[in-house]
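Colleague: missing the sequence, but the structure's below:
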DNA sequence: AACAATGTTCAGTC
DNA sequence: GGACTGAACATTGT
């Protein structure tokens, strides 16, 4: 489920993995750790420590130091479509909370795509059934726009409206602003009563400001309530669903290459 | 059985 | 260069 709110939760979990000596690293999943060959990330980290956990949009990265305390490489962590960060103590108990979803099915060990073991017996792992998450050294953040939680109204307006593309495609474009995913985009557009397919450069100043306000509100609500799936329109995104405000039918289509639902009456 | 799913990236095309 | 499409990744759920 990771969009900005979930990734921020994961970042906080990751903070529990800081300042502990790294004694071994399993980086053998060549897909998740690409382009690094197995062992490369391990060599870069073993003996050192993670010292800070940052986030911009859906991308996280840790600062590191080596065994002598000198600056080490940054470690990029991306959850992809369904990855989770899990940190445990020396008794295997979860620390730092995070999604409390009890596992209904037994967890296969191979779903741990990357693990860092600490000298104190603790462990950090990227748990990711779908293998769409990613770990890499020195991740390139230059292609990311400003974080959706931090962008100003004025910056938001200019960046979104700079193109003819559908406004939803602009919201999803991580180089325009970072952190909005498919569900949050639908929730935001529904709250703002704007058609997802509307050309971004044809939105009025009023609409852009309404979009901005509703993005910030949807973001706050998602953080407070535990994730983007708690959005007001999310449970109505299905065939036969109705708008929870006006009762009109919800319509489905593809916008910006992603599955999209909108209210036929309020989002014309 | 077929198809869609919260994300990114890359190749190909217009 | 910009924008769009489809594929790839592996698994689950409808």
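Modeller: Nice, I can see it. Being a predicted model, the structure only gives us computed values, none of them experimental.
Colleague: Dihedrals phi and psi, the residue in chain A that DNA strand C sits nearest to?
Modeller: Nearest residue of chain A to DNA strand C: residue A:163, at 3.3 Å (C-beta to the nearest atom of the strand). Bear in mind the C-beta positions are built from the backbone N, C-alpha and C, glycine included. Backbone torsions for residue A:163, taken as degrees, to the nearest 10, come to phi -140, psi 160.
Colleague: which residues does it contact?
Modeller: Contacts for residue A:163 (C-beta atoms under 8 Å, 6 or more residues apart in numbering) come out as A:170, A:200, A:201.
Colleague: Next, find the distance separating it from residue A:116.
Modeller: Residue A:163 is 40 Å from residue A:116, where distance means C-beta to C-beta, to the nearest Å.
Colleague: next one: residue A:19
Modeller: 13 Å.
Colleague: which residues touch residue A:10?
Modeller: Going by C-beta under 8 Å, 6+ apart, the list of residues near residue A:10 reads A:2, A:60, A:77, A:79, A:84, A:85, A:98.
Colleague: What score does the closest residue to residue A:97 other than its chain neighbours have for pLDDT?
Modeller: Take residue A:97 and drop its neighbours on the chain: the residue closest to it by C-beta to C-beta, 6 or more residues apart in numbering is residue A:13, 6.6 Å away. Looking at residue A:13, its pLDDT reads 94.
Colleague: how much space between residue A:13 and residue A:161?
Modeller: Distance, residue A:13 to residue A:161, using C-beta to C-beta: 36 Å.
Colleague: Residue A:28 is in contact with residue A:38, isn't it?
Modeller: Yes: here residue A:28 lies in contact with residue A:38, judged by C-beta atoms under 8 Å, at a distance of 4.7 Å.
Colleague: Of these two, which one has the most company?
Modeller: With neighbours defined as other C-beta atoms under 10 Å, residue A:28 and residue A:38 compare such that residue A:28 has more, 15 against 12.
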